[in-house]
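[1] I would like to see how this sequence folds:
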Amino acid sequence: MRRSLRIAPTLALVFTAQCAHAGSNTLPAEVQQALHSGGHAVLYSLEPWEAPDKKTAKFHGYEILGRSELSPTQEATAVAAFDAAITGFDGAVAACFDPRHAIRIRTNGHAYDFLLCYSCQQLEIYRDDKSLVFVGAAGSPKVLNELLTSLHVRLSHSLEDLQASQREQQRKFDEGMKRSRLVMPTSIARVWDVDKQFQMGICPVGKPLADLKEALQAEIPGRDARIRRLLVLYGSGAGPWSGFPGYEDISDVLLRDYPTEQIVAVAQAPDVNDALLEGAARYLGGWDLVQRHPHDLDLVPAQLKKLLLEHTLHSGDPEDADRRERAMHAFNK
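    Alright, predicted model coming up:
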């Protein structure tokens, strides 16, 4: 099944909400005393995004990447970092709790655990494994990371990895959007430029779609020239055939007005280029065409199938297995 994604022009990691206790973001007196007691302290590095079935040592349910007892000087550094996180709270918290840092302090016959999530801006405190309170926290993990590194304790990089992945997805999205915009027929571009829903991945329907088709025909009167422009547009986007920006659907929607025989004829033009081949492979090998016209792949000549398969296997993202598998299923027959 092929899926499109309604992707906003920017990607957000979390949604934030106002913290209910922002006006009094202080620790209870008992907890404050424990944090500064100078009791026996152990600093933890946690991984909150482990696989559910992973068999690892846990700290309040979170995987322990490593831990180390602290000297009095090291403890003072760690406690100062936790203090700074509390005092630096800006009143916003995220709808998550993914702690990557924690400290356990044993004092007065109790174990006090402080689990800190910088990305979610929250600190949870336990006494003897019983949750006592959440408070807001903010700032940078730099001090605690440097301390853990000096103690040869492994750090979590899952957040950085996610952010890097999101930046890469955003980069591909932006590049695909630029390519699409460059080859987009003027009639479609006019709608794109003013229709925020279209930009967010919701293609026009009803009368707006009918008006768009009329404008496209007026702009490009020739049927084959119209098909060619739509195929090139379909082959110039972000790259995936599944999980692509929703606005790319417009090419598929508009191409449905033409019999498969006509699209096949255009795809066999002697001056075919990579974008046209990509669009033809994506359309003819797509899930939608098979659902609407189960036998239309029989209309694609063997030589064209071979060309489309070779194009797909030797272009695009080499890690996009879905694209290659769809092409193999459609054209390796």
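
[2] what ranges do the helices span in the stretch 51-200 of the chain?
    In the stretch 51-200 of the chain, helices defined by DSSP state H, counting those that start in this stretch lie at 72-87, 142-150, 158-183, 186-194, 196-199, listed in chain order.

[3] Report the mean per-residue pLDDT for the second one.
    What that stands for is helix 142-150. Here helix 142-150 scores 97 as its mean pLDDT.

[4] The first one too?
    The predicted model gives helix 72-87 an average pLDDT of 97.

[5] now that helix against helix 142-150, angle please.
    Put simply, helix 72-87 runs at 150 degrees to helix 142-150, going by axes from the mean of the first three to the mean of the last three Cα atoms, to 10 degrees.

[6] The longest one now?
    What separates the directions of helix 158-183 and helix 142-150 is an angle of 120 degrees, with the same axes, to 10 degrees.

[7] gap between helix 158-183 and the chain center?
    Distance of helix 158-183 from the chain centroid (Cα atoms, centre = their mean, to the nearest Å) equals 9 Å.

[8] Now do the buried residues in stretch 232-244.
    Using 16 or more other Cβ atoms under 10 Å as the burial criterion, the residues of stretch 232-244 that qualify are 232, 233, 234, 235, 236, 237, 238, 239, 240, 241, 242, 244. Just so you know, the C-beta spots here come from the backbone N, C-alpha and C atoms, and that holds for glycine as well.

[9] Leaving out the residues flanking it, which one is nearest to the second one?
    Here the nearest residue to residue 233 in space, its sequence neighbours aside, is residue 251; by Cβ to Cβ, 6 or more residues apart in numbering that works out to 4.9 Å.

[10] Equivalent analysis for the first one, please.
    With sequence-adjacent residues excluded and distances taken as Cβ to Cβ, 6+ apart, residue 232 is closest to residue 275, at 4.6 Å.

[11] doesn't residue 239 make contact with that neighbour?
    No: contact criterion Cβ atoms under 8 Å: residue 275 and residue 239 do not qualify, at 11.8 Å.

[12] just to revisit the earlier point, and the helices of the stretch 51-200 of the chain as a markdown table, adding mean neighbour count?
    Putting these into a markdown table (neighbours: other Cβ atoms under 10 Å) gives the following:
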| stretch | mean neighbour count |
| --- | --- |
| helix 72-87 | 17 |
| helix 142-150 | 16 |
| helix 158-183 | 14 |
| helix 186-194 | 16 |
| helix 196-199 | 15 |
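
[13] which residue lies farthest from the center of the protein?
    In the chain, counting by Cα atoms, centre = their mean, residue 108 sits farthest out from the average C-alpha position, at 46.1 Å.

[14] All the strands of this structure, in order from the start?
    For the chain, the strands defined by DSSP state E cover 4-5, 16-18, 40-47, 58-59, 62-69, 92-94, 101-107, 110-117, 122-127, 130-136, 244-245.

[15] And the furthest pair within the buried residues of stretch 232-244?
    Maximum pairwise distance among the buried residues of stretch 232-244 (Cβ to Cβ): 20.3 Å, between 232 and 242.

[16] Can you give me the neighbour number for the nearest residue to residue 305 once chain neighbours are set aside?
    The shortest distance from residue 305 to any non-neighbouring residue, by Cβ to Cβ, 6+ apart, is to residue 331 (4.1 Å). The number of residues packed near residue 331 is 23, by other Cβ atoms under 10 Å.

[17] Isn't residue 331 up against residue 309?
    Yes: checked against Cβ under 8 Å, the pair residue 331 and residue 309 is within contact range at 4.1 Å.

[18] shared neighbours, those two?
    By Cβ atoms under 8 Å, 6 or more residues apart in numbering, residue 331 and residue 309 have these common neighbours: residue 281.

[19] Flag every buried residue along stretch 200-212.
    Buried, per 16+ other Cβ under 10 Å, within stretch 200-212: 201, 203, 204, 212.

[20] Can you check the pLDDT for the last one?
    Read it as residue 212. On the pLDDT scale, residue 212 gets 97.

[21] For residue 142, list the residues it contacts.
    With Cβ under 8 Å, 6+ apart, residue 142 has no contacts at all.

[22] Return the distance of it relative to residue 148.
    11 Å (Cβ to Cβ, to the nearest Å).

[23] How about residue 211?
    According to Cβ to Cβ, residue 211 stands 60 Å off from residue 148.

[24] what does residue 247 give?
    Counting by Cβ to Cβ, the gap from residue 247 to residue 148 is 44 Å.

[25] Repeat that for residue 31.
    23 Å.

[26] now do residue 34
    On the measure of Cβ to Cβ, residue 34 and residue 148 end up 21 Å apart.

[27] Could you list the low-pLDDT ranges of the protein?
    For the chain, residues meeting the criterion pLDDT under 70 lie at 1-23, 52-53.

[28] most centrally placed residue in it?
    Note: the chain centre (Cα atoms, centre = their mean) maps to residue 166, 4.8 Å.

[29] bridging residues for residue 64?
    residue 46 (DSSP bridges).
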